[in-house]
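Undergrad: sequence below, structure please.
(chains A and B)
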Amino acid sequence: MNVQRYARIAGILFLVSLVAGGFGEAYVPSKLIVSGDAAATVANLRNFDFLYRLGFAGFLIESLCDIALALILYALLKPVSKYLSLLAAFFGLMGTALFAFAELFYFSPLLIMRDSGYLQTFSPDQLNSLVLLSLKFYGFAGMIFTAYYGMGWIVRAYLMWNSGYFPKFLAVLMAIGGTGFVVRNFLMILAPAYASDVLLMLMFPGGLIMTVWLLWKGVDVAKWKAVSGEQ
Amino acid sequence: MKEHEKQGGTTMSESEMTARFRKESPVRQARIAGACWLLCIVAGVAGFIAAGPLIVANDAAATAANIVAKGSLYRLGFAFDLISGASYLVTTVFMYYVLRPVGRSLSMLAAFFGLAGVAIGGVGWVLRLASLVLLHGDQYLSALTTSQLQAMSMIDLKLQLQVFSIAMVFFGVQCISIGYLVARSTFLPRVLGILLGVGGTSYVIASFASFLIPSFGPHLIPFVFPVALVGEGSLTFWLLVKGVNIQRWQEQASAAERSRT
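TA: Residues are numbered from 1 along each chain as shown, chains lettered A, B, ... in the order given. Below you'll find the predicted structure:
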């Protein structure tokens, strides 16, 4: 296998997933969802319908990249440990599958707001409440994804540290990012007051530098060959 | 194994470092699989003990009152679920590694059934969180009456049980596959495979019964769990305490490698 090409593809996928995910899963929801105000949220969704749908498209692109990335990172880290890299891929797939389920709750307001005849048994206020309720479910459900996504990165960071063909500082940064994701999830469950968004931001330095590194440097091919036994 | 011989000698220190991983004995992998399986069972049971008693059958108001009053227990149950799911994924991958010499494709299939089961189970965790959102008493929910919100929460809890039944079909098939591989292996006692296969079959039967004959299905549950626990528990403890017979594992692994080439 041409390992350098794998690394470049991983870099591109990582970049696209950060941009599309950041747009669809962070920027758009933060712009349109008004916490605690159902009527204002519904008004936003009506006025910025296309932006809302673009957000959903952003998620779809992000998760497509995530699945491909899970496989490519598995291939890149397999020489270090076959089964631990498989475990990281499984954590990644699990996270993406659960996030897709969460996105169902992001999409369902579009059905609730459609003024269909069968919904007339609910008052407009009730329908607004159901819209915001669905978006709250979305927020909570998406959180579970962060735990598994984070666990996947902790395992990968461990493999990168031991690989010899990835720089150790990158492994440390990704471990910090992954730990932030896991810790935030458990705090959100057990002590919501301490579940700061800053914990999610810990992924950004690692993610950004990792992307640049994969695109610019790739992996250390000589060391990769020594470890994987490929000529 | 073949990769070993081809190893280049350019950067020996790096190769030595990673050789540490390659040479890891199957016993260690088996112990990790056993330990995580045990953790999964313990966390699963703990989650049930923490949150289960809060649910009063068919009484939405009493259930809601319990969840609100004992919110931290309910949240703790959820945290246990997450730990249980994560440790089961670790078990799934390490069992794949341990059983690969017996059947490469079947052990991969078992692992994929495990992955699907945990992902489906995750949907149940989301539904569990839904009750917390519904019963949080937020202002934006005032358009709905308290009893409506409580009823919605009850529906979510009931759906969660159905999701569990769906996931059990996948776990059941995984257990049957692993049981078959254990029984066919030379490095683990055959009886452990048979017990696990029986446990897995009882999961599948109980799930199908709960969907097809709802009046009868739930009555199977008290019989299913002991059977499954014997199957999973005995393999778990064997893996944890004894691991696998290294010599026979290596024999079966190299025989499988030879027949592949």
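
Undergrad: any idea how far B:M152 is from A:I189?
TA: Distance, B:M152 to A:I189, by C-beta to C-beta, to the nearest Å: 21 Å. (C-beta placed from N, C-alpha, C; glycine too.)

Undergrad: those two: which has the busier surroundings?
TA: Legend: neighbour count by other C-beta atoms under 10 Å in any protein chain shown for B:M152 and A:I189, higher for A:I189 (25 against 21).

Undergrad: my read is that the more buried one contacts B:Y74, right?
TA: No: the pair A:I189 / B:Y74 is not scored as a contact, 9.7 Å apart, by C-beta atoms under 8 Å.

Undergrad: what's the overlap in contacts for the two?
TA: Between them, A:I189 and B:Y74 share no contacting residue under C-beta atoms under 8 Å, 6 or more residues apart in numbering or on different chains.

Undergrad: A:D115: how many residues sit nearby?
TA: If we define neighbours as other C-beta under 10 Å, then A:D115 has 9 of them.

Undergrad: that one in helix, strand or coil?
TA: Recorded secondary structure, A:D115: coil (DSSP: H, G, I helix; E, B strand; the rest coil).

Undergrad: from chain B, how far out is it?
TA: Counting by C-beta to the nearest C-beta, to the nearest Å, the gap from A:D115 to chain B is 17 Å.

Undergrad: list the backbone torsions phi and psi for that residue.
TA: phi 60, psi 30 (degrees, to the nearest 10).

Undergrad: do you know how far it is from A:V42?
TA: 12 Å.

Undergrad: could you do B:L106 as well?
TA: B:L106 sits at a distance of 51 Å from A:V42 (criterion: C-beta to C-beta).

Undergrad: can you check A:S123 too?
TA: Computed as C-beta to C-beta, the A:S123 to A:V42 distance reads 13 Å.

Undergrad: and B:Q174, by the same measure?
TA: For B:Q174, the distance to A:V42 (C-beta to C-beta) stands at 43 Å.

Undergrad: neighbour count winner among those two?
TA: The neighbour comparison of B:Q174 against A:V42 (other C-beta under 10 Å) goes to B:Q174, with 26 against 22.

Undergrad: for the closest residue to chain A within the stretch 151-261 of chain B, list the residues it contacts.
TA: Using C-beta to the nearest C-beta, B:M152 is the residue of the stretch 151-261 of chain B that sits closest to chain A, at 8.5 Å. Contact partners of B:M152, counting by C-beta under 8 Å, 6+ apart, are B:L134, B:L144.

Undergrad: quick one: the helices in the chain?
TA: No chain was given, so I picked chain A. According to DSSP state H, chain A carries its helices in the segments A:3-21, A:28-32, A:38-47, A:49-77, A:82-112, A:124-163, A:168-190, A:198-201, A:203-216, A:221-228.

Undergrad: nope, chain B please
TA: B:2-6, B:12-22, B:26-51, B:60-69, B:71-99, B:104-134, B:146-184, B:190-212, B:217-241, B:246-260.

Undergrad: report the buried residues of the longest one.
TA: Buried residues in helix B:146-184, defined by neighbour count with 16 or more other C-beta atoms under 10 Å in any protein chain shown: B:149-154, B:156-157, B:160, B:163-183.

Undergrad: which residues are in contact with the helix or strand bottoming out on mean pLDDT in chain A?
TA: Least confident helix or strand, chain A: helix A:198-201 with a mean of 86, by mean pLDDT, DSSP states H and E. Applying C-beta under 8 Å, 6+ apart, the contact partners of helix A:198-201 are A:T146, A:G180, A:F181, A:V183, A:R184, A:L187.

Undergrad: next: stretch B:177-185.
TA: Here stretch B:177-185 has contacts from B:95, B:99, B:101-103, B:106-107, B:109-110, B:113, B:188, B:190, B:192-200, B:231, B:235, B:252, using C-beta under 8 Å, 6+ apart.

Undergrad: pLDDT of stretch A:47-56, averaged?
TA: For stretch A:47-56, the mean pLDDT works out to 95.

Undergrad: interface residues of the stretch 51-200 of chain B facing chain A?
TA: Residues of the stretch 51-200 of chain B that fall close to chain A, judged by C-beta under 8 Å from any C-beta of the partner chain: B:72, B:75-76, B:78-79, B:82, B:85-86, B:89-90, B:92-94, B:96-97, B:111, B:115, B:118-119, B:122-123, B:125-126, B:129-130, B:132-134, B:138-144.

Undergrad: list buried residues within those.
TA: B:75-76, B:78-79, B:82, B:85-86, B:89-90, B:92-94, B:96-97, B:111, B:115, B:118-119, B:122-123, B:125-126, B:129-130, B:132-134, B:138, B:140-141, B:143-144.

Undergrad: roughly how far does the residue nearest the centre of chain B sit from A:F145?
TA: In chain B, the residue lying closest to the centroid (C-alpha atoms, centre = their mean) is B:Y88, at 4.2 Å. Using C-beta to C-beta, B:Y88 is found at 17 Å from A:F145.

Undergrad: let me know the pLDDT of B:P218.
TA: 77.

Undergrad: before we move on, what about the one 10 residues further on?
TA: What the model reports for B:A228 is a pLDDT of 89.

Undergrad: ok, it - contacts?
TA: Taking C-beta under 8 Å, 6+ apart, we find B:A228 in contact with B:C175, B:G199, B:G200, B:S202, B:Y203.

Undergrad: for the residues you listed, which two are the farthest from each other?
TA: Greatest spatial distance in the contacts of B:A228: B:C175 and B:S202, 9.3 Å, computed using C-beta to C-beta.

Undergrad: count the residues that sit near residue 135.
TA: You didn't say which chain, so I picked chain A. By other C-beta under 10 Å, neighbour count at A:L135 equals 21.

Undergrad: my question was about chain B
TA: So B:L135, with other C-beta under 10 Å, has 21 neighbours.

Undergrad: how many other residues sit next to A:Y106?
TA: A:Y106, neighbours per other C-beta under 10 Å, totals 25.

Undergrad: cool, and A:W224?
TA: A:W224 has 23 nearby residues by other C-beta under 10 Å.

Undergrad: go ahead and confirm it touches A:K78.
TA: No: checked against C-beta under 8 Å, the pair A:W224 and A:K78 is beyond contact range at 10.9 Å.

Undergrad: how close does the residue in chain A sticking out farthest from the centre get to A:L127?
TA: Most distant residue from the mean C-alpha position of chain A: A:T121, 37.4 Å away (C-alpha atoms, centre = their mean). To A:L127, A:T121 is 10 Å away according to C-beta to C-beta.

Undergrad: list the residues that contact the residue lying closest to B:L240 once chain neighbours are set aside.
TA: Leaving out its chain neighbours, the residue that sits closest to B:L240 by C-beta to C-beta, 6 or more residues apart in numbering or on different chains is B:G34, at 3.5 Å. With contact taken as C-beta under 8 Å, 6+ apart, B:G34 is in contact with B:L235, B:T236, B:F237, B:W238, B:L239, B:L240, B:V241, B:G243.
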